[in-house]
Structure formats: C-alpha cells, structure tokens
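My questions are about this predicted structure, shown below with the sequence.
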Amino acid sequence: MKKFLLFISLFLILLMGLQIVSGILLTLQYTPDIAGSYEGGASGGMLLGDRNLITILIPIAAASIAYFLAGKIGAEKAA
C-alpha cells in the first residue's frame, strides 16, 4: 500500500510539473494572427487547440518516471 501511495504521489507531482512546463513552452511558441482578428471581428466561434501526440506522451512519461523513482526509493528504504 505504501508503494502505491508513493507511486501515485510521485505521478501526480510529475504530471503537474510536466503539464506546467509544456504549457509554458506552448505559450511561448504561440503567435497570434493579428491581421485576421481585425478582418473577421468577433467570429463567435471557439478555437480549440489541435490534439497532439504530446497530450498522450506527457502522462506516459510522468508515469514511467514515477514508477522508476518509486522503485528506487522503495529499494533504498528496504536496504
């Protein structure tokens, strides 16, 4: 039970950190279309981002790192 709680806590911390870092990087790379905003006015539609592979890779990476860290920390405590 302790290993499970350790894994879940590490997973949530890593997932949150990776989501924040990827959000910062995506925000830095975003370039707004100023000309299009003046031409069309308020379109009334909502722009949703594309579903990228990164939305799947971030939780997989966080889970993998948390799994190995939980195993390493658990092995150190047992020794």
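Structure's in. What do you need?

Quick check: closest non-adjacent residue to residue 7.
Residue nearest to residue 7 in three dimensions, not counting chain neighbours: residue 70, with 4.2 Å by C-beta to C-beta, 6 or more residues apart in numbering. All C-beta atoms are positioned from the backbone trio N, CA, C, and that covers glycine.

any idea which element that neighbour lies in?
Assigned by DSSP states H and E, residue 70 belongs to helix 54-78.

who's in contact with the residue nearest to residue 7?
3, 6-7, 10 (C-beta atoms under 8 Å, 6 or more residues apart in numbering).

Out of these, flag the one nearest to residue 63.
Of all the contacts of residue 70, residue 7 has the smallest distance to residue 63: 8.6 Å, by C-beta to C-beta.

For that closest one, give me its contacts.
Residue 7 makes contacts with 66-67, 70, as judged by C-beta under 8 Å, 6+ apart.

what's the distance between stretch 69-79 and the middle of its chain?
The chain centre lies 25 Å from the centre of stretch 69-79; the measure is C-alpha atoms, centre = their mean, to the nearest Å.

Give me the buried stretch members for it, please.
For stretch 69-79, the neighbour count (16 or more other C-beta atoms under 10 Å) marks 69-70 as buried.

Going forward, the N-terminal residue is numbered 552.
Right, with 552 as the first residue, what we last looked at is stretch 620-630.
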